[in-house]
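Enquirer: Sequence and predicted model, in that order:
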Amino acid sequence: MARKREKAVRLIKKVRLEAGRWQFVTVPRSGNRYVWDPRPGTYFLEWWEGKQRKREAAGVAPSEALEALRRKRLELAGALALGQQGQSEQTSQPVTVGTPIREAAEAFLTHVRIHSPDKPGTLKRYRAVVEHFERLLGHRRFMEAITRADIERYKALRLGETARGRPVRAATVNFEVGVLRTWFNFLRRELGLAIENPCSHFKPLRDAASKANRPPEVYTEEELARLLAAAEGEDHAALLTLALTGLREQELCWLTWEDVCLEPGREHLVVRAKPGFTPKDYEQREVPIPAELAAVLRRLRQRSQWVFPSATGEREGHLLRRLKQVARRAGVERATLHKFRHTYATRLLESGADIVTVQRLLGHSDLDTTRRYLNPDVERKRAAVQRLGMTLIKTLPAPAGVKTA
């Protein structure tokens with residue numbers, strides 16, 4: 001009986017029709033998800049107490065409606081539990097009161113969508129993590145039932161799975177646990193749930209690559225030369241821009257001519273927010289560009305507001321595909337767009353740039369992220385050791401019995 005009553009709470013919305021009159025409509029579901037009505041109005045909760053129908057306002061935003069729905073179900077479940085106890089201590093059954101995982105997920109993802117409207121990629125990644133969580137731990141039913149042991153089980157299960165034919169990496173699981181930590185913090189701080197965060201104070205997993213402190217992969221000078229030689233027109237200019245600015249893929253795709261200054265002596269570009277795009281960590285930054293790159297950009301035909309548009313003049317969305325085509329012609333393996341960024345940072349540090357300057361050029365919020373590039377390649381290590389040996393030999397006295405020239 002308790003379960004039937006708990007499920008009886010219905011979510012409806014009061015909207016204005018074209019004729020000008022107001023009407024209550026049911027908020028429909030698609031599977032386990034609500035399909036939110038875009039028309040302005042107010043959400044209400046509806047349930048029955050005996051033969052009497054009850055209604056209660058639940059806010060104007062989907063997140064407010066979901067939170068009101070959660071609280072009402074808890075309230076009714078608690079009332080039923082007290083009623084059962086009052087009727088008979090011997091026959092009463094314990095009623096589990098908690099926040100259903102599905103509803104907590106909807107509230108969290110709605111919150112992310114509302115507060116990060118210009119970051120659809122973030123919402124997509126968070127949704128994937130939530131779906132993994134529901135798939136692996138959904139049997140726990142309520143968020144309050146999740147423990148640290150469940151999170152450990154989640155990590156172990158994910159490490160045993162594959163994605164796109166490859167084993168799930170430790171770095172991926174670390175990211176996912178970070179998203180779960182954010183989710184539980186949202187439930188505690190925004191929705192007021194009196195629960196502990198089971199993802200707090202976890203030691204990050206480390207795989208063989210991270211234990212070996214392997215530096216990020218970079219292009220060799222020969223590979224860069226072959227890529228640029230195989231690229232033509234806008235492809236050549238785009239790859240050269242990546243190599244000489246360290247921009248992220250989306251930063252390059254959203255780059256407009258208004259963001260670029262080609263005035264001699266002041267050549268630079270600006271990474272800034274615009275409708276539909278927000279830089280990582282929400283930070284605007286100015287990146288100087290060499291005169292050689294400025295000369296290449298001046299020769300480009302400005303056929304769109306975008307510096308590197310698609311063939312139809314729209315914002316480019318297939319830059320990686322274009323790089324793969326160039327890489328095949330150049331015979332360069334494992335070519336990625338982000339590898340240009342790694343190369344840019346590594347070469348700057350090797351050329352003597354200080355780490356704080358490199359951090360600001362890359363737009364890193366954490367200096368530790370930039371420190372990953374402080375790892376010279378084998379040839380540079382060998383050359384440094386040779387220089388050290390020659391310096392010491394010149395300063396040390398000759399061994400006894402050895403004639404010097």
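Expert: Ah, there it is. Numbering: from 1, shown residues only.

Enquirer: From here on, just use CA atoms for contacts and neighbour counts.
Expert: Will do.

Enquirer: Tell me how far the nearest residue to residue 26 once chain neighbours are set aside lies from residue 28.
Expert: Leaving aside its sequence neighbours, residue 26 sits nearest to residue 12 (CA to CA, 6 or more residues apart in numbering; 4.4 Å). Computed as CA to CA, to the nearest Å, the residue 12 to residue 28 distance reads 9 Å.

Enquirer: Where do the strands of the stretch 201-350 of the chain begin and end?
Expert: Ranges of strands within the stretch 201-350 of the chain are 260-261, 268-271, 285-288, based on DSSP state E, counting those that start in this stretch.

Enquirer: Kindly report the same for the stretch 51-200 of the chain.
Expert: 52-57, 162-163, 166-167.

Enquirer: and residue 194, which of those is closest to it?
Expert: For the strands of the stretch 51-200 of the chain, proximity to residue 194 was assessed by CA to CA; strand 52-57 is nearest, at 23.8 Å.

Enquirer: what's next to the closest one, contact-wise?
Expert: Outside strand 52-57, the residues that touch it by CA atoms under 8 Å, 6 or more residues apart in numbering are 42, 43, 44, 45, 46, 47, 48.

Enquirer: Pull out the buried residues from these.
Expert: Buried members of those, scored by 16 or more other CA atoms under 10 Å, are 42, 43, 44, 45, 46, 47.

Enquirer: mind checking the SS state of the third one?
Expert: To tie it back to what came earlier, the one meant is residue 44. Of the three states, residue 44 takes strand under DSSP: H, G, I helix; E, B strand; the rest coil.

Enquirer: Just list the residues touching it, thanks.
Expert: Neighbours of residue 44 in contact, by CA under 8 Å, 6+ apart: 11, 12, 13, 14, 55, 56, 57, 58, 59, 65.

Enquirer: Bridged to it, which residues?
Expert: In this entry, residue 44 is beta-bridged to residue 12, residue 57, by DSSP bridges.

Enquirer: circling back: need the buried ones from the contacts of residue 44 selected in ChimeraX.
Expert: Selecting only the buried entries of the contacts of residue 44 in ChimeraX, with 16+ other CA under 10 Å as the criterion:
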select :11,12,13,14,58,59,65
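
Enquirer: Would you reformat the strands of the stretch 51-200 of the chain as CSV and include mean pLDDT?
Expert: What follows is those, written out as CSV (pLDDT from 0 to 100):
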stretch, mean pLDDT
strand 52-57, 82
strand 162-163, 85
strand 166-167, 87
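
Enquirer: Out of the contacts of strand 52-57, which is nearest to residue 109?
Expert: Taking CA to CA as the measure, residue 109 sits nearest to residue 43 out of the contacts of strand 52-57, at 18.5 Å.
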